[in-house]
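[1] sequence below, structure please.
(2 chains)
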2 protein chains.
Amino acid sequence: MEKLEALFDHIAARVNVNLKPMGIDVRPLLNNAIPRERHLLYYAFYALTEDHPISFRFTNSNLSGSYFLGKTQVDRSVLYKSDIRGDELKQKGDVVEFNGVKTKLFYDEVIRITNSFLVKTLVHNQSKNPEIPEVFRILNTVAMHYSNIHGTTTEGVYLGPFSTVDLSVMHNCVVGDFAYVQAGDLSRVNIEPGRIWLKAGDLFEFNYVYPEGVVDKYVKLDENGKLTGQFIEYVDDFKEDFVPIYSTAAPETDVIIPESAYVSPYAVIKGHCEIGENALIVQRAHVENSIIGEGANAQENCYIKNSIFEGNNVTAHGGKVIHTRNGKNVFVGFNSFVHGTESCPIIIGQDSIVMPHTIIDAEEPIEIPENSAIWGYVTKQADLATQCVSLDDLAKTTEITLGNATFKGDGMAFVKAFKHRIDHIREENGAYFDGSDKTRGHAQKTQDACFNILQPFQSGPEAGMYPTMTIGD
Amino acid sequence: MEKLEALFDHIAARVNVNLKPMGIDVRPLLNNAIPRERHLLYYAFYALTEDHPISFRFTNSNLSGSYFLGKTQVDRSVLYKSDIRGDELKQKGDVVEFNGVKTKLFYDEVIRITNSFLVKTLVHNQSKNPEIPEVFRILNTVAMHYSNIHGTTTEGVYLGPFSTVDLSVMHNCVVGDFAYVQAGDLSRVNIEPGRIWLKAGDLFEFNYVYPEGVVDKYVKLDENGKLTGQFIEYVDDFKEDFVPIYSTAAPETDVIIPESAYVSPYAVIKGHCEIGENALIVQRAHVENSIIGEGANAQENCYIKNSIFEGNNVTAHGGKVIHTRNGKNVFVGFNSFVHGTESCPIIIGQDSIVMPHTIIDAEEPIEIPENSAIWGYVTKQADLATQCVSLDDLAKTTEITLGNATFKGDGMAFVKAFKHRIDHIREENGAYFDGSDKTRGHAQKTQDACFNILQPFQSGPEAGMYPTMTIGD
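    Purely as a prediction, here's the structure:
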């Protein structure tokens, strides 16, 4: 595995140039985060559909377990069970607007990942980068377990495990464990673990920091790259379920899937599940004994168990929802952990928003009123007093402090932006499909996808590496 | 499937330019040989090993079910369940000798297939082409079901079903159903169905033509491309066995495989089988209730059932061996049909050679003496009188006519050349492996191969087509 070792060395050297001055040495993390032999085990795969122009270029990389859909270039990177999507890539001639200024794309947009290490990381590309709108960059970036890079170009960025960078542009930043950032352009910023930070210029800003000791209980990465905590323990319990589907060219399922819905062959559907019209369950989602209602979707790395989604729900990347009844339109944000039990179930009223990176770890039955926003660390009903607010009230406010959370700015704009985004997600995913071409979304477009499967070299100096390849024109 | 239709049109036009003057119109054959939907069903795959430099380029092609190992370019071709290998490709700087003249390769040799239609065809590349030793060409060629292109570059050639062109160079030739040709450079030659023709310059020549009506019984292709006859019926019976292994990324087997042997994950091993040391069973071989002895090999499209191979046997591409005991070193040539039954078993004595395209369809128990050559159409023991000769006798002869067969030339040279070639096949396949690097053959080299699987577009105008891709440097 000499070439793979050399690749790790190369990435560590490139990333440390930027990040050592920020206080992070990625070398021990890269050396220990995943046992090297595991890089031989998984297959990378990419989808062919008639809706997405195929164009990939992989060079001197390890791609194990990755999933690609659309224009991607990967150069000297390790992508370990990552999902790199390209279904919202802009095309040549598209006009984009950044901060009120418009510009036209000279070329089709491409995702470019160079000298990066992404472990079980989702990269989703609704790019907000005015620097080069043709290129969605993930340059010299180390992203640890189950972090999400979502619409954010990153250069010299470290993402801790279960962290998310969302709709931003980031240069030389360190994002702590389980932190969430959606804050526009950031440079040389160090974001503490467990901070949830949403900022839209001068319009509004939301801030929350988990109480001391809480993040450690759920996510803890030691200096040697060993990850512990309840999140990884929970997720690891289901690891075996993915083995059979990852070793089959065309996995099949017994569940009844309506014609307008899509369940990826690389999702796990276990026990008794029901899938509604226009629903979407994507690769690496794990759904067990649950009802996924009409127009609902379960995104990458979701773990859904013993739960009901009444319809038009969104469970964003990495959301975990257990023993929970979700009313219509309920949104569960990135990497949230909505953890009910049989004796302590959770009910979330319709139209409510579970903010990204929320932990609801029920020690008693919990009911969240409809049309609410909920965030932070909730274990009892009483916790809602400081960690839940009616969206109508929030829309009327300009400043509020509740527990560890502060909000400043235009409450109405915040609520509108959030609702608009959730609606956009539903639309993109095909929740509103009515048989017309205009309303087709991922659930309908991806139905005819077929998957090509790539395995790395299994022996010799090249073991763990993939050959250089160019697919598409 | 508009693009696939256009591709068929394009191939038909290109091939007919050369072949219509030869009396063949390939258009109706291309239109009907395989139902179009079948082109969506199969996965192409290629192997990664540390012993074979990976380099593929596929352009505007349908590759379904193909297998590639080594440098290949395919341009606007339909390869339907073909096997294209590249394990004996020459490399840059290698010195090759043709007819006593030596030349050095400027570049690594590459297999190039352009505007061709190959259906369930094996292409194996020990090239004998002095024109451009760097390029193994299959240009404007139509090869029907289970024909073999083996070490033969072809330009404008039609190969009927179950025919074989071997160690030759062919321009604008028509090779009839079940004909076998190994005859050096051929141009504008029309080879009748069921002719077995081996010629080595002025050194020797062997000729056999099947009696009228026999070939039709086994292989019959009507003008619309519909194939009937006992061969295809026999093979079709086992079709279903391949379905599960073709839909799995890493099929597993229960059979015990010695460390020095190799059984391809894309071979079918059924019932009780035993696999000896240094044995090799390659992809698309079908082995059932049989013993494959030490150093024996079963090549692509072999069907072996209720048979014993005592050791160091070779069953060449497409050989079918049923209810037969094969002594040590027995060789069964291309597409031979050695068909014993429980009550009419066949015994082949050691060191014997079943010539390519031999049909032994036993109506009573048949025993072939050791160290014999056997050919033609044998159903009873008495048939051996005109279709079997001792290799020692053959070595002493310069001219012989036996039944429909004639031999002229240096008998000793013929026997030596044949035995040398069989020995070379064993060597290449690793039958003589003793733990040293020098003796490693395919059986050992291919052990660490991993397979990358390609699926065509499933819908829209591109359905059945594969994206253009370049793999390797």
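[2] next, the distance between the ends of stretch A:116-135.
    Length of stretch A:116-135, first residue to last, C-alpha to C-alpha, to the nearest Å: 16 Å.
[3] an error on my part: the question was meant for stretch A:289-299.
    End-to-end for stretch A:289-299, by C-alpha to C-alpha: 17 Å.
[4] could I get the buried residue list for that stretch?
    For stretch A:289-299, the buried set under the neighbour-count rule, 16 or more other C-beta atoms under 10 Å in any protein chain shown, comprises A:Ser290, A:Ile291, A:Ile292, A:Gly293, A:Glu294, A:Gly295, A:Ala296, A:Asn297, A:Ala298, A:Gln299. Glycine gets a C-beta too; all of them are placed from N, C-alpha and C.
[5] and stretch A:186-195, by the same measure?
    Those would be A:Leu186, A:Val189, A:Ile191, A:Pro193, A:Gly194, A:Arg195, for stretch A:186-195 by 16+ other C-beta under 10 Å.
[6] re earlier: which one of the buried residues of stretch A:289-299 is nearest chain B?
    A:Asn297 (21.7 Å; C-beta to the nearest C-beta).
[7] isn't that closest one right next to A:Val287, touching?
    No. Shown here, A:Asn297 and A:Val287 do not form a contact pair, counting by C-beta atoms under 8 Å, at 11.0 Å.
[8] contacts only, for A:Glu462.
    Shown in contact with A:Glu462 (C-beta atoms under 8 Å, 6 or more residues apart in numbering or on different chains): A:Lys3, B:Glu50.
[9] pLDDT score assigned to it?
    If you check A:Glu462, the pLDDT there is 91.
[10] could you do A:Ser247 as well?
    So, for A:Ser247, pLDDT stands at 63.
[11] give me the neighbour count for A:Thr228.
    15 (other C-beta atoms under 10 Å in any protein chain shown).
[12] if I look at it, how far off is B:Thr468?
    46 Å (C-beta to C-beta, to the nearest Å).
[13] any weak-confidence spans in the stretch 201-350 of chain A?
    For the stretch 201-350 of chain A, applying pLDDT under 70 flags the ranges A:246-251.
[14] got the residue ranges for the helices in it?
    Assigned by DSSP state H, counting those that start in this stretch, the stretch 201-350 of chain A shows helices spanning A:214-218, A:230-236, A:239-246.
[15] neighbouring contacts of the longest one?
    Spelled out, that is helix A:239-246. Residues contacting helix A:239-246 (C-beta under 8 Å, 6+ apart): A:Tyr42, A:Tyr43, A:Gly65, A:Pro251, A:Pro265, A:Tyr266, A:Ala267, A:Val268, A:Lys270, A:Arg284, A:His286, B:Ala249.
[16] and for A:Asn297 and A:Val287, which residues touch both?
    A:Ile281.
[17] now, the buried residues of stretch A:186-195 that are in strands?
    Among the buried residues of stretch A:186-195, the ones falling in strands (DSSP state E) are A:Leu186, A:Ile191, A:Arg195.
[18] would you mind listing what in chain A touches chain B?
    A:43, A:48-50, A:54, A:246-250, A:448-463, A:467-473 (C-beta under 8 Å from any C-beta of the partner chain).
[19] count the residues that sit near the residue of the stretch 1-150 of chain A found nearest chain B.
    Nearest residue of the stretch 1-150 of chain A to chain B: A:Glu50, at 3.3 Å (C-beta to the nearest C-beta). Neighbour count for A:Glu50, taken as other C-beta under 10 Å: 16.
[20] got it, and A:Thr386?
    Neighbours of A:Thr386 (other C-beta under 10 Å): 15.
[21] same check on A:Pro345?
    18.
[22] how about A:Asp166?
    Neighbours of A:Asp166 (other C-beta under 10 Å): 24.
[23] OK, contacts around it?
    A:Asn148, A:His150, A:Gly151, A:Thr152, A:Tyr180, A:Val181, A:Gln182, A:Phe334, A:Pro356.
[24] what's the closest non-adjacent residue to the last one?
    In other words, A:Pro356. A:Gly333 (3.3 Å; C-beta to C-beta, 6 or more residues apart in numbering or on different chains).
[25] make sure A:His424 is indeed in a helix.
    Yes. According to DSSP: H, G, I helix; E, B strand; the rest coil, the state of A:His424 is that of a helix.
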